[in-house]
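Colleague: one predicted model, sequence on top.
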Amino acid sequence: GDQVEQSPSALSLHEGTDSALRCNFTTTMRSVQWFRQNSRGSLISLFYLASGTKENGRLKSAFDSKERRYSTLHIRDAQLEDSGTYFCAAEGGSNAKLTFGKGTKLSVKS
Amino acid sequence: DMKVTQMPRYLIKRMGENVLLECGQDMSHETMYWYRQDPGLGLQLIYISYDVDSNSEGDIPKGYRVSRKKREHFSLILDSAKTNQTSVYFCASSPGLGGAETLYFGSGTRLTVL
């Protein structure tokens, strides 16, 4: 089965609302990264976490430091420009090989 | 300006032709990657390179080979392209340092094999 499972697969939000995306791992992971892919296909790194939480503006990500088997991405006060597909990717060992989830397609509407 | 550059952006080839996708980065990153992205499948790792001439297979290496003769360049080669290799190919780099750090992606190459 897939090592990295993202949920939900698609999400529709109204502007100004909050939501959370989740990434579950079938095994313990060393680190996790979150990316957003825009409509042109460009992939932008949002967060890299080896543990704990990180925050950047309206985005906040957490990586479960105990069992290291899930991560979340919180979006606060969603804006139209947050629309896109969000991917998480996790590294199992120290070989730098990242496994990606299948993504969450987020649509923010006015 | 930190950048990963992929060439070309779009490419159309016929089945059986050879394909060369090029990737460059200006950040002196040790680690470079080639992924392909297909609808509903996310990104799948084809090859990873830890430095010059230090390459390792990813999850789907069959039908591909890579070349890294300089740290800043990483090429993906398809010898005798197949129609199921139609995809969007992404190159990425990271500082490395013994594990994956933040990945920087190129803009992608959309390859169509007819």
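Modeller: Okay, I see it. What you see is a predicted model; the values in this text were computed from it and never measured.

Colleague: and for residue 42, the neighbour number?
Modeller: The chain I'm using is chain A. Using other C-beta atoms under 10 Å in any protein chain shown, A:Ser42 has 15 other residues around it. Where C-beta positions appear, they are placed from N, C-alpha and C, glycine not excepted.

Colleague: let me rephrase: I mean chain B.
Modeller: The criterion is other C-beta under 10 Å. On that basis, B:Gly42 has 20 neighbouring residues.

Colleague: among the helices and strands of chain A, which has the poorest mean pLDDT?
Modeller: Among the helices and strands of chain A, strand A:98-100 carries the lowest confidence by mean pLDDT, DSSP states H and E, at a mean of 91.

Colleague: for whichever strand in chain B runs longest, packing partners?
Modeller: Looking only at chain B and at elements set by DSSP state E, the strand with the highest residue count is strand B:42-51. The criterion is 3 or more C-beta pairs under 8 Å, 6 or more residues apart in numbering or on different chains; DSSP states H and E, and the helices and strands that strand B:42-51 contacts are strand A:84-91, strand A:98-100, strand B:31-38, strand B:54-57, strand B:65-70, strand B:73-78.

Colleague: partner strands of the fourth one, parallel or antiparallel?
Modeller: If you go by DSSP bridges, strand B:54-57 pairs up with strand B:42-51 (antiparallel).

Colleague: export the partner strand to CSV, keeping only CA atoms.
Modeller: In CSV, the C-alpha atoms belonging to strand B:42-51 read as follows (Å, rounded to 0.1, in the frame of the first residue of the first chain):
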residue,chain,number,x,y,z
GLY,B,42,1.3,12.4,-7.3
LEU,B,43,5.0,12.5,-8.0
GLN,B,44,7.0,9.4,-8.4
LEU,B,45,10.8,9.2,-7.9
ILE,B,46,12.7,8.0,-10.9
TYR,B,47,16.3,8.6,-9.9
ILE,B,48,18.2,10.4,-7.2
SER,B,49,21.8,11.7,-7.4
TYR,B,50,23.9,12.3,-4.3
ASP,B,51,26.7,14.0,-6.2
